[in-house]
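J.: The following comprises the amino acid sequence and a computationally predicted model.
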Amino acid sequence: MASPAHASPHRPRLRLRRPLRGPPPPPRLPTASFYSRRPSALQASQFRSVVSRPAQRRDPIQIAASFDDDPGDFSLAHDDGDEGFGAAPYSSESDWSDEEIVLTAFTDVELPVTSKSRAEGAITIAAHRLATINKGHRKSRTQQGLINNFGLVAFLAMLLFFVDWCSWRIVRLPLDSFYLTRPFLISAVLSALAGFLFAPVADSLKIHHFRRRGKSASPSHRKPTPALGGLFFVPIGIFVARREVGSNSSGVNGAAIITLIFAMVGLLDDISTLATDRNRKIPQWIRFLVQIVAGIYFSIWLGSVDISTPYSMKFLVPLPPPLGLAFMGKVYLVLAATCSLSMGTAVTLVDGLDGLAGGIAALALIGLSVAALPICSELSVYGASMSGACTGFLFHNRYRASIVMSRVGSFALGGAVATIAACSGMFLPMLIACSVFFIELLFAILQVPFRMAMKSFRGTSRYPLRIRPSHYYLRLWGVQEPYIVAGAYIISCFLTLLAGYLGLVSA
């Protein structure tokens with residue numbers, strides 16, 4: 001018999017740990033088993049024919065392949081939004097995790113390994129299941145994006161149908177049938193069809209949505225998404241509005257010019273963002289100066305233009321009873337310029353999730369259109385047409401987005417909202433209908449002194465000066481993107497009804 005120091009390499013060494021305390025183990029059966037202390041002669045002969053591994057493997061199991069057609073859809077660091085969302089840990093309460101898988105080693109027994117093991121098939125099946133966990137959730141969230149879009153369209157269409165049905169009681173003028181519904185639906189259909197043509201062209205020209213670090217990404221997935229979507233839906237809304245009211249309307253023509261000016265300001269900012277070379281980028285102070293010049297031009301135009309209203313005086317703000325009309329004087333122009341400058345920035349801040357800024361802007365435009373209907377019905381047509389164009393754009397901007405509006409679209413929508421409110425005096429309905437935008441803007445402004453105070457308190461730049469919107473923190477708390485958009489839509493629907501009612505009562 002060989003000594004323990006020179007044991008036979010064909011016989012496996014079995015190490016069993018005896019418990020320190022407790023009852024003695026139950027008596028073993030006389031039949032030979034694999035885990036007996038002394039293997040039988042038959043087992044010893046079988047083990048001699050099998051080549052065992054002398055080294056003990058303690059490395060963790062690594063999954064090399066997952067057999068997924070789209071490897072970019074699954075990762076432990078879920079990148080489903082803006083930068084900063086890449087470190088989302090899984091938990092048992094999260095929607096992104098299944099049951100916990102725990103591998104526990106009981107003993108240090110060296111077992112023989114054959115050429116084909118059943119463990120390989122189990123690992124392959126587990127890897128495939130892990131790779132397909134995320135697909136079901138993405139499919140459900142895509143369906144939720146569709147539900148949000150169709151719910152928004154249904155609400156806006158029913159509201160406009162009701163307003164057109166009651167238009168005689170509201171305006172006391174013989175308006176055409178479907179006065180607001182017709183431009184809304186025409187713009188929506190044309191914008192949806194134009195999106196199918198513009199998105200492939202922008203993708204072929206490599207006009208993509210870029211982050212600050214130069215990485216092409218979308219708010220919903222990693223693949224680069226075509227940008228500058230405002231170039232196709234903003235002109236459609238202006239064209240349909242001018243066709244409905246005619247080319248002689250001073251209010252619609254002036255609103256269209258102001259909207260295009262702010263769209264050009266946003267396009268200038270987008271071109272500077274798309275430039276990869278820093279030497280070719282436009283400085284920030286020049287872009288800010290252009291915005292100020294656009295706001296000053298808007299106030300000058302508003303003071304010189306003559307828009308047909310029921311009032312004999314200008315610079316009047318209708319308020320709900322018993323307040324009546326309020327004469328603002330020159331403060332009216334300052335308020336109009338401030339609204340035009342702030343609305344574009346507010347819409348840009350909200351434009352961080354798929355369909356969020358476009359849907360809220362479409363609701364706000366409808367609310368202002370209903371509020372301004374007794375004062376200037378032509379501006380109501382303009383607002384309905386722009387809202388329809390924005391709704392048609394949402395068919396391509398919903399989750400998952402195939403195109404984003406960029407700042408050329410957000411600045412144009414902000415300019416359109418500010419123009420309708422300034423020309424009709426409906427600043428209070430605008431404040432109510434655009435409450436989500438103003439809350440985001442106020443939240444961003446309040447972050448600046450907080451970051452600066454923390455920097456001075458710490459003495460270092462531990463807290464970088466980065467303005468984050470509120471939906472960024474909702475994403476960090478685990479709220480999924482389509483549910484954030486759905487909640488914002490529901491809140492904006494109530495605000496739209498309230499803004500339209502206050503506008504009708506005030507006029």
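T.: Noted; the coordinates are in hand.
J.: the strands in the stretch 301-450 of the chain, which residues?
T.: 316-319, 324-327 (DSSP state E, counting those that start in this stretch).
J.: out of these, nearest to Leu193?
T.: Ranking the strands of the stretch 301-450 of the chain by their distance to Leu193 (criterion: CB to CB) puts strand 316-319 first, at 38.1 Å. Using the backbone N, CA and C atoms, a C-beta is placed for each residue, glycine as well.
J.: So what touches the closest one?
T.: Identification of contacts with strand 316-319 by CB atoms under 8 Å, 6 or more residues apart in numbering yields 324-328, 332, 375, 425-428, 503, 506-507.
J.: got the contact list for Val350?
T.: Val350 neighbours (CB under 8 Å, 6+ apart): 356-357, 360, 436-437, 440, 469, 471.
J.: Need the nearest residue in space to it, chain neighbours excluded.
T.: Ala357 (4.4 Å; CB to CB, 6 or more residues apart in numbering).
J.: who's in contact with the one you found?
T.: Counted by CB under 8 Å, 6+ apart, Ala357 has contacts 347-348, 350-351, 405, 410, 413.
J.: got it, and Val245?
T.: 252, 378, 381-382.
J.: Of those residues, just say which sits nearest to Lys223.
T.: Tyr382 (35.9 Å).
J.: in the stretch 201-350 of the chain, what spans have low per-residue confidence?
T.: 209-222, 275-280 (pLDDT under 70).
J.: Go through the contacts of Ala357 and name the one nearest Tyr399.
T.: Among these, and counting by CB to CB, the member closest to Tyr399 is Asp351, at 13.8 Å.
J.: The nearest residue to that closest one once chain neighbours are set aside and Ile207, how far apart?
T.: Spatial nearest neighbour of Asp351, chain neighbours left out: Ala357 (3.7 Å); criterion: CB to CB, 6+ apart. According to CB to CB, to the nearest Å, Ala357 and Ile207 sit 19 Å apart.
J.: cool, Lys330 as well?
T.: 42 Å.
J.: just Leu476 next, same as before
T.: 30 Å.
J.: The two - which one has more neighbours?
T.: Using other CB atoms under 10 Å as the criterion, Leu476 and Ile207 rank with Ile207 on top: 21 against 14.
J.: phi, psi of the more buried one?
T.: Backbone torsions of Ile207, given as degrees, to the nearest 10, read phi -90, psi 90.
J.: give the contact list for it.
T.: Contacts for Ile207 (CB under 8 Å, 6+ apart) come out as 226-228, 274.
J.: Could you turn the buried ones of these into a PyMOL selection?
T.: Typed into PyMOL, the line below selects the buried ones among the contacts of Ile207, using 16 or more other CB atoms under 10 Å:
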select buried, resi 226+227+228+274
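J.: so which of the contacts of Ala357 is the most crowded?
T.: Leu413 (36 neighbours).
J.: Apart from its neighbours in sequence, what residue is nearest that one?
T.: Ala361 (4.4 Å).
J.: How much space separates the one you found from Gly383?
T.: According to CB to CB, Ala361 stands 11 Å off from Gly383.
J.: now Arg172
T.: 20 Å.
J.: before we move on, what about Leu159?
T.: 13 Å.
J.: How about Ile282?
T.: Distance from Ile282 to Gly383, by CB to CB: 31 Å.
J.: neighbour count winner among those two?
T.: Gly383 (33 against 14).
J.: Provide the secondary structure category for Ser247.
T.: For Ser247, the secondary structure call by DSSP: H, G, I helix; E, B strand; the rest coil comes out as coil.
J.: Look up phi and psi at the closest residue to it other than its chain neighbours.
T.: Once flanking residues are discounted, Ser247 sits nearest to Asn253: 7.3 Å by CB to CB, 6+ apart. With angles defined as degrees, to the nearest 10, Asn253 sits at phi -60, psi -40.
J.: What's the local residue count around Asn253?
T.: By other CB under 10 Å, neighbour count at Asn253 equals 19.
J.: correct me, but it touches Ala241?
T.: No. Asn253 is not in contact with Ala241 according to CB atoms under 8 Å; the separation is 9.8 Å.
J.: now Phe437: how far from Met158?
T.: Distance from Phe437 to Met158, by CB to CB: 24 Å.
J.: Count the residues that sit near the residue nearest to Gly388 when sequence neighbours are not counted.
T.: Excluding the flanking residues, the one nearest Gly388 by CB to CB, 6+ apart is Ser187, at 3.2 Å. Using other CB under 10 Å, Ser187 is surrounded by 28 other residues.
J.: can you give me the helices for the stretch 151-300 of the chain?
T.: For the stretch 151-300 of the chain, helices defined by DSSP state H, counting those that start in this stretch occupy the ranges 167-171, 181-204, 230-245, 250-274, 284-304.
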